[in-house]
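Participant: only geometry, no sequence info:
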DNA sequence: CGCGCGCGTCAGGGTTGCGTCAAGGTCGGA
DNA sequence: TCCGACCTTGACGCAACCCTGACGCGCGCG
């Protein structure tokens, strides 16, 4: 879930933002001054910060600088000032976007989505799943075992990926076949047997007693850490 | 040097932007419609795109989508419309920022700097990447090997750059083709074979046994340190 | 006890994909 | 106008992959 930090000294605005964001499944923290903002950012590691420039204790641009000193979290600035000098200062200090009050909630949310989307592949880069026998890197499409790379064929990789992405849940054979071979392959369960065997031979310590690529007889297969 | 692509059908705006950007040491290309924008983006690989939504031939949002189909270049949208619906559409299609006309040049430039700054470390990380066989300098666009410069053709460089920027991740052949040759070249995989061979001949110690420019059969290619 | 079912294993044959080479085409500079 | 560098395109051999069928095994059930 995406975590947002809202910083504003006007309780009405904070409330409006919190309600709207929570309704859209964001996790929201809030702060009402610069010190609180920096504390919250350090403690909670938000995925994006919505920052009002007119805070009671600190200059907003200074908050941006201090955040940027150690974090690359996207910062979306709110401000009542329309003057372009303010905007330039904030943006050059490291802000990602600048919205003037009064703002439309739809627009703000869209800009927020844009900021989060941009940041995603940057720091959430590698999705790596580890087991005691091998390591799967879903982003790089790489499998590691005993310090060496394991070579997988395209079909083997697709199958492994489908299982790993299910995150430990059971995947039915029909679903597996459709994901890997395409929508018209619902019954060729022998494909699964052949390729599961190859995967186990390449990945399991003891292929005849799989510990991670598990068969659920009559139902399907499951990946287990 | 940072390369900017300006897309607008109003010559006055294009001129103003080009003058201001060139004065600040940007390298500027321009296009006046959607088709030209896509062509220019494919040919010149700009570091940021400034895009007017009201183009004569195409819906601006559609241009954004088509760009996003193969590129992550930052897109800064210009528009005369203040309506929030337009903004939301453009941002959700993949735009990075949205500025309404008339705009202040200072503000636009600041937003442009923000967009470029964000993108820089996002896909590169290191500007210089070293292997035991050769060294790639992404900023200087140079390749060193055994203490001397290696001469690469433009296409060879694009290909190498796309692989190195992926940072060890596997790059699918379709994606590679689109990044290097443009969005309409999704299937000419023989290009890849030819140019990968040339790169290996120039860079690998033993071109028949590549250690850094690796083929993943059926899936794509990967750069490995 | 015999049978059927589902799963794992193995090996062979058709097909695809990759590396290689060479020739034709295009563009810009001398 | 000629020349060279670069890009495109096609052909060919080879290795790897995908599919397929056959067989063996364990289990549950009649």
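Facilitator: Sure thing, it's come through. The structure displayed is predicted, hence computed values, not measured ones.

Participant: Point out where chain A drops to low pLDDT.
Facilitator: Residue ranges of chain A with pLDDT under 70: A:121-126.

Participant: What ranges does chain A have for its strands?
Facilitator: Remark: strands assigned in chain A by DSSP state E are A:3-7, A:27-31, A:48-52, A:75-79, A:97-100, A:128-130, A:135-137, A:142-145, A:148-149, A:170-172, A:213-216, A:220-223.

Participant: Dump the ones you listed to JSON lines, plus distance to residue A:204 and mean neighbour count.
Facilitator: No exception for glycine: its C-beta is placed from N, CA and C like everyone else's. Shown next, in JSON lines, are those (distance: least, Cβ to Cβ, whole Å; neighbours: other Cβ atoms under 10 Å in any protein chain shown):
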{"stretch": "strand A:3-7", "distance to residue A:204": "37", "mean neighbour count": "24"}
{"stretch": "strand A:27-31", "distance to residue A:204": "38", "mean neighbour count": "19"}
{"stretch": "strand A:48-52", "distance to residue A:204": "41", "mean neighbour count": "25"}
{"stretch": "strand A:75-79", "distance to residue A:204": "46", "mean neighbour count": "23"}
{"stretch": "strand A:97-100", "distance to residue A:204": "49", "mean neighbour count": "20"}
{"stretch": "strand A:128-130", "distance to residue A:204": "15", "mean neighbour count": "13"}
{"stretch": "strand A:135-137", "distance to residue A:204": "13", "mean neighbour count": "19"}
{"stretch": "strand A:142-145", "distance to residue A:204": "10", "mean neighbour count": "18"}
{"stretch": "strand A:148-149", "distance to residue A:204": "15", "mean neighbour count": "10"}
{"stretch": "strand A:170-172", "distance to residue A:204": "18", "mean neighbour count": "15"}
{"stretch": "strand A:213-216", "distance to residue A:204": "7", "mean neighbour count": "16"}
{"stretch": "strand A:220-223", "distance to residue A:204": "12", "mean neighbour count": "20"}
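
Participant: What sits closest to residue A:144 if chain neighbours are left out?
Facilitator: Nearest residue to residue A:144, sequence neighbours excluded (Cβ to Cβ, 6 or more residues apart in numbering or on different chains): residue A:135, at 4.2 Å.

Participant: Ok, residue A:68 next?
Facilitator: residue A:94 (3.8 Å).

Participant: What about that neighbour? Give its phi and psi, please.
Facilitator: Backbone geometry at residue A:94, expressed as degrees, to the nearest 10, gives phi 130, psi 0.

Participant: Surely residue A:175 and residue A:219 touch.
Facilitator: No: contact criterion Cβ atoms under 8 Å: residue A:175 and residue A:219 do not qualify, at 10.8 Å.

Participant: ok, these two, which is more surrounded?
Facilitator: The residue with more neighbours, out of residue A:175 and residue A:219, is residue A:175; 14 against 11, by other Cβ atoms under 10 Å in any protein chain shown.

Participant: Next, the buried residues of stretch A:147-155.
Facilitator: The neighbour-count criterion (16 or more other Cβ atoms under 10 Å in any protein chain shown) identifies A:150, A:152, A:153, A:155 as the buried residues of stretch A:147-155.

Participant: DNA strand D next: which of those are close?
Facilitator: Contacts with DNA strand D within those, as defined by Cβ under 7 Å from any atom of the strand: A:153, A:155.

Participant: Can you tell me which helices and strands the longest helix along chain A packs against?
Facilitator: Criterion DSSP state H: the longest helix present in chain A is helix A:105-123. In terms of contacts (3 or more Cβ pairs under 8 Å, 6 or more residues apart in numbering or on different chains; DSSP states H and E), helix A:105-123 is packed against helix A:11-23, strand A:48-52, strand A:75-79, strand A:97-100, helix B:84-93, helix B:105-123.

Participant: Near chain B, which residues of chain A are found?
Facilitator: Proximity of chain A to chain B, by Cβ under 8 Å from any Cβ of the partner chain, involves residues A:72, A:84-85, A:87-88, A:91-92, A:94-98, A:104, A:106-107, A:109-111, A:113-114, A:117-118, A:121-122, A:139-142, A:153-154, A:157.

Participant: Tell me the buried residues within those.
Facilitator: A:84, A:87-88, A:91, A:94-98, A:107, A:109-111, A:113-114, A:118, A:139-142, A:153, A:157.

Participant: what does the domain assignment say about chain A?
Facilitator: According to automatic domain parsing, chain A comprises the domains A:3-119, A:124-223.

Participant: So which of those is nearest residue B:29?
Facilitator: Closest approach to residue B:29 among these (Cβ to Cβ): domain A:3-119, 23.0 Å.

Participant: and that closest one, how far from the chain's centre?
Facilitator: Distance of domain A:3-119 from the chain centroid (Cα atoms, centre = their mean, to the nearest Å) equals 19 Å.

Participant: first to last residue in it, what's the distance?
Facilitator: 13 Å (Cα to Cα, to the nearest Å).

Participant: Just list the residues touching the nearest residue to residue A:215 once chain neighbours are set aside, thanks.
Facilitator: Take residue A:215 and drop its neighbours on the chain: the residue closest to it by Cβ to Cβ, 6+ apart is residue A:221, 5.9 Å away. Neighbour list for residue A:221: A:163, A:170, A:171, A:173, A:176, A:192, A:196, A:213, A:214, A:215 [criterion: Cβ atoms under 8 Å, 6 or more residues apart in numbering or on different chains].

Participant: give me the beta-bridge partners of residue A:221?
Facilitator: Bridge pairing for residue A:221 (DSSP bridges) gives the partners residue A:171, residue A:215.

Participant: Would you mind measuring from it to residue B:56?
Facilitator: 54 Å (Cβ to Cβ, to the nearest Å).

Participant: What's the separation between residue A:34 and residue A:51?
Facilitator: In terms of Cβ to Cβ, residue A:34 sits 9 Å off from residue A:51.

Participant: where do the contact lists of these two overlap?
Facilitator: With Cβ under 8 Å, 6+ apart as the test, residue A:34 and residue A:51 both reach A:7, A:60, A:63.

Participant: what residues does chain A put near DNA strand C?
Facilitator: So far as Cβ under 7 Å from any atom of the strand goes, chain A lies against DNA strand C at A:173, A:189-190, A:192-194, A:196-197, A:200-201, A:207-208, A:215, A:217-219.

Participant: Show only the entries of the residues you listed found in helices.
Facilitator: A:173, A:189, A:190, A:192, A:193, A:194, A:196, A:197, A:200, A:201.

Participant: Filter the residues you listed down to the buried ones and hand me the PyMOL line.
Facilitator: Applying 16+ other Cβ under 10 Å to these leaves a buried subset, and the PyMOL line that selects it is:
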select buried, chain A and resi 173+192+196+200
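
Participant: In a markdown table, list the ones in helices among the residues of chain A next to DNA strand C along with distance to residue A:43.
Facilitator: Below are these laid out as a markdown table (distance: Cβ to Cβ, whole Å):
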| residue | distance to residue A:43 |
| --- | --- |
| A:173 | 46 |
| A:189 | 51 |
| A:190 | 54 |
| A:192 | 47 |
| A:193 | 50 |
| A:194 | 51 |
| A:196 | 45 |
| A:197 | 49 |
| A:200 | 44 |
| A:201 | 47 |
